[in-house]
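Chemist: Take a look and give me a structure for this.
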Amino acid sequence: MSSEKQQILTSFFTSLEKMESEDMMGMVEKHLKDDDVEIFVHHIETFYGITDDEELGMLAQLMVTGYLAAKHEESLKTSKH
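Modeler: Model prediction:
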């Protein structure tokens, strides 16, 4: 991983740590509708066989965070060109 990519990801995750939960939800809602998040949940259920609601919620949050990190990185690349 390049140092530029590491800086982008570190900056992104640092900004997430400073967010209130309402702000985080706003960021998610800016990029994903509820139906979109359900696609993540359905994938976790079918691909990994996980059925526990609490575990599904936590894993969906992880997947959504990864998705948002990738979108953030891509937006920075696009703005540089």
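Chemist: okay, now Ile44: neighbour count?
Modeler: The number of residues packed near Ile44 is 20, by other CB atoms under 10 Å. C-beta: built from backbone N, CA, C; applies to glycine.
Chemist: Need the three-state assignment for it.
Modeler: Recorded secondary structure, Ile44: helix (DSSP: H, G, I helix; E, B strand; the rest coil).
Chemist: That one reaches Leu56, doesn't it?
Modeler: Yes: with contact defined as CB atoms under 8 Å, Ile44 counts as touching Leu56 (5.7 Å).
Chemist: so what sits against both of those two?
Modeler: Shared contacts of Ile44 and Leu56, defined by CB atoms under 8 Å, 6 or more residues apart in numbering, are found at Ile50.
Chemist: Which elements pack onto the helix ranked longest in the chain?
Modeler: If you go by DSSP state H, the chain has its longest helix at helix 53-80. With contacts defined as 3 or more CB pairs under 8 Å, 6 or more residues apart in numbering; DSSP states H and E, helix 53-80 has these neighbours: helix 3-18, helix 21-31, helix 34-48.
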